[in-house]
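Engineer: This is a predicted model, with the sequence first.
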Amino acid sequence: MDETKIDSENEVKIDSKISIEAACVQHGREIMDTQLALIKDKGYDFAPQFQEMTIHLYLLGVIWRFAEGLDAQKNAREHAFAAIHSMLISDGMHEKNVQKRIEFLRKMSRLEDDSNAHAVEAGYHSEPGDNSLAELLDHYIDEVRVSGAFWRLYERLKKTILYGGLLVAFVAIWFVTLFLPGNSTISILAAGLLAATIFVIPVFLVGLLIYRFKIKKAKPSSSP
């Protein structure tokens, strides 16, 4: 009799947990569908990783507040993370990548003083149908380090360094092998490495100068 009672209580707890998570997922999707529709024509140009992280942190705040109204005050924040986990899985992300994403969001959701990140606060205090997500993203429009244009510049520079360095190394190895025969394998490889280094360092320095120039230029107009 007692065992049956314990099993029954466990089933109620499991069912309650599942229903809370399902409700959080549904609420999160409804809110995000509304908010994403409101920013659709804004033409934001952020680095993809930054925009995705900001939206997820905003969603964390939204679901956190919602979970507090479902008799889940003590674990509301954890229910929010669980709901985002379920949403990412259902969107097709691999479990291992989802776990990494959740750990990253946990880290980014807190500031050094243990207070909530701005995006989490914005989501928590948002109201259905308001422009809180747009207002949150507007806050970062003038921040060069998270701009899409700067991210694309970084990606091009990274590819230039990688493929350019390999090409220069190959040409150097080919030249030494063909026109300076008699060198050891180590000498040939060293020549290729030296040539690649001579190419990579100036390109990297130019990219660094562009970065410093853009950051310095953006500081007077950047958001506090």
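Structural biologist: That came through, no problem.
Engineer: per-domain residue ranges of the chain.
Structural biologist: 2-141, 148-221 (automatic domain parsing).
Engineer: Generate a markdown table for the ones you listed, with mean neighbour count and mean pLDDT as supplementary columns.
Structural biologist: Placement of C-beta: from N, CA and C, glycine included. Shown next, in a markdown table, are the domains of the chain (neighbours: other Cβ atoms under 10 Å; pLDDT from 0 to 100):
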| stretch | mean neighbour count | mean pLDDT |
| --- | --- | --- |
| domain 2-141 | 16 | 86 |
| domain 148-221 | 14 | 81 |
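Engineer: give me phi/psi at Ser126?
Structural biologist: phi -70, psi 160 (degrees, to the nearest 10).
Engineer: ok, it - contacts?
Structural biologist: 31, 58, 61-62, 132-133 (Cβ atoms under 8 Å, 6 or more residues apart in numbering).
Engineer: from those residues, which is closest to Cys24?
Structural biologist: Among the contacts of Ser126, Val62 lies closest to Cys24 (Cβ to Cβ), at 9.4 Å.
Engineer: Okay, and the spatially closest residue to that closest one that is not a sequence neighbour sits in which element?
Structural biologist: What sits nearest to Val62 in space, not counting adjacent residues and going by Cβ to Cβ, 6 or more residues apart in numbering, is Gly123, at 4.2 Å. Per DSSP states H and E, Gly123 falls inside helix 118-124.
Engineer: what packs against that helix?
Structural biologist: helix 48-68, helix 132-138 (3 or more Cβ pairs under 8 Å, 6 or more residues apart in numbering; DSSP states H and E).
Engineer: Among these, which comes closest to Met108?
Structural biologist: Met108 sits nearest to helix 48-68 of all these, at 6.3 Å, using Cβ to Cβ.
Engineer: what's the angle between the next helix or strand after that closest one and helix 48-68?
Structural biologist: Downstream of helix 48-68, the next assigned helix or strand under DSSP H and E is helix 76-90. Helix 76-90 runs at 130 degrees relative to helix 48-68, counting by axes from the mean of the first three to the mean of the last three Cα atoms, to 10 degrees.
Engineer: what's helix 76-90 in contact with?
Structural biologist: Here helix 76-90 has contacts from 20-21, 24-25, 28-29, 56, 59-61, 63-65, 67-68, 70, 72, 95, 98, 101-102, 105-106, using Cβ under 8 Å, 6+ apart.
Engineer: centre of the chain versus it, how much separation?
Structural biologist: Here the centre of mass of C-alpha atoms in helix 76-90, compared against the chain's by Cα atoms, centre = their mean, to the nearest Å, lies 16 Å away.
Engineer: May I see the helices and strands packed on helix 118-124 organised as a markdown table, with distance to Leu193 added?
Structural biologist: A markdown table is the format used below for those (distance: least, Cβ to Cβ, whole Å):
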| stretch | distance to Leu193 |
| --- | --- |
| helix 48-68 | 32 |
| helix 132-138 | 44 |
